[in-house]
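Asks: Give the three-dimensional model of this entry:
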Amino acid sequence: MTDSTVRRGVHTVIGVLVLCVMLFPVYWMVNASLQPSGNTLTAGFLPLDPTFAGYRRALSEQGDNLVTSMIIAAGTVVLSLAIATPCAYALSQFRSRWVSAGLLAILISQMIPGIVIANALYTAYERLGLLNSIPGLIVANCSSGIPFAILILRSFMLSLPPSLVEAARVDGAGLFRAFVAIVLPISKNSLITAGLFSFLFSWSDFLFALTLTTKGGVRPVTLGIYQYLGTQVQNWNAVMATAVLSAIPAIVLLVAAQKYIAAGAIGGAVK
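Replies: Here you go, the predicted structure:
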């Protein structure tokens, strides 16, 4: 047995151990959701007597919150891409010193603590009547999705050959038509990547949901789980079942779009 084989074996074992440690909370969440009502600390390591009562209760009590989160996340994706895509294309085409200043401003906006943005939006929303509303939460979540999408999309669009758009212009296409017919289809991978991360930002948001909703009419699932903890301390299977249900959309999207994410993330690295 060579030294390289031994090293690969050691690295494999270490990788498997690290993976097990990282996935154990997910396993315990699923395991606890299948246990009878009670404290998760006393639950068995395996669900020998599984029950779906927690999932039935979670769907009946948190189903509306899941739908609300899905609507908010979908709206965030649409609005983020609608604003970020033309902005990213403009920043990739213009050659000016102000482009660097604009990119710096975008990076700085990503560093602003969320609680600062939430407090500022609360004051504005109170005057505009957007508190406790789905459009208000969509706009708030876009404050995270738009800057990130601009950076991802611009990185890819820098690698687009100018001759493609020029050829479309020669054929009679206007700027907008060339953008829609040429740039957007070529940028599919980066669009999917930016849209997926915008979805995840919105789907996992808790701060904006807690700050900008003061009534129970609009309640995303993250806020629903938080409020669930105070009333279901003796029924952790329902709490964990809600957590499992809220994780399914993100897992499905990540698995379905993983090849596009890889291509979109590195697409702008090679010209």
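Asks: Now do Glu61 against Ala241, distance only.
Replies: 10 Å (C-beta to C-beta, to the nearest Å). Backbone N, C-alpha and C define where each C-beta goes, glycine included.
Asks: Those two: which has the busier surroundings?
Replies: Ranked by neighbour count (other C-beta atoms under 10 Å), Glu61 and Ala241 place Ala241 first, with 25 against 15.
Asks: so what does whichever strand or helix holds that one touch, helix or strand wise?
Replies: Assigned by DSSP states H and E, Ala241 belongs to helix 236-256. Applying 3 or more C-beta pairs under 8 Å, 6 or more residues apart in numbering; DSSP states H and E, one finds that helix 236-256 contacts helix 3-33, helix 53-93, helix 188-203, helix 221-228.
Asks: nearest to Ala173, of the ones you listed?
Replies: With C-beta to C-beta as the measure, helix 53-93 is the member of those nearest Ala173 (14.8 Å).
Asks: ok, back up a step: which one, of the helices and strands packed on helix 236-256, ends up nearest to Tyr122?
Replies: Using C-beta to C-beta, the helices and strands packed on helix 236-256 put helix 221-228 closest to Tyr122, at 15.0 Å.
Asks: by contact count, what packs against the closest one?
Replies: Using 3+ C-beta pairs under 8 Å, 6+ apart: helix 221-228 touches helix 53-93, helix 207-212, helix 236-256.
Asks: Which one of the ones you listed has the poorest average confidence?
Replies: The weakest mean pLDDT among the helices and strands packed on helix 221-228 belongs to helix 236-256, with a mean of 89.
Asks: Outside of that one itself, which residues are in contact with it?
Replies: Defining contact as C-beta atoms under 8 Å, 6 or more residues apart in numbering, one finds that helix 236-256 is touched by 26, 29-30, 32-40, 51, 53-55, 57-59, 61-62, 66, 69-70, 73, 196, 199-200, 203-204, 221-222, 224-225, 228-229, 232, 261.
Asks: okay, now the domains of the protein?
Replies: Using automatic domain parsing, the domain parsing of the chain gives 1-46, 52-267.
Asks: mind listing what Thr222 touches?
Replies: With the criterion set at C-beta under 8 Å, 6+ apart, Thr222 makes contact with Ser69, Ser204, Asp205, Phe206, Ala209, Ser246.
Asks: any idea how far Val239 is from Ala53?
Replies: From Ala53 to Val239 the distance is 13 Å (C-beta to C-beta).
Asks: out of the two, which sits in the more crowded spot?
Replies: The neighbour comparison of Ala53 against Val239 (other C-beta under 10 Å) goes to Val239, with 23 against 17.
Asks: For Gln62, see how far away the more buried one is.
Replies: Distance, Val239 to Gln62, using C-beta to C-beta: 10 Å.
Asks: Give me the common contacts of these two.
Replies: Residues touching both Val239 and Gln62 (C-beta under 8 Å, 6+ apart): Ile225, Tyr228.
Asks: Kind regards, and thank you for your time.
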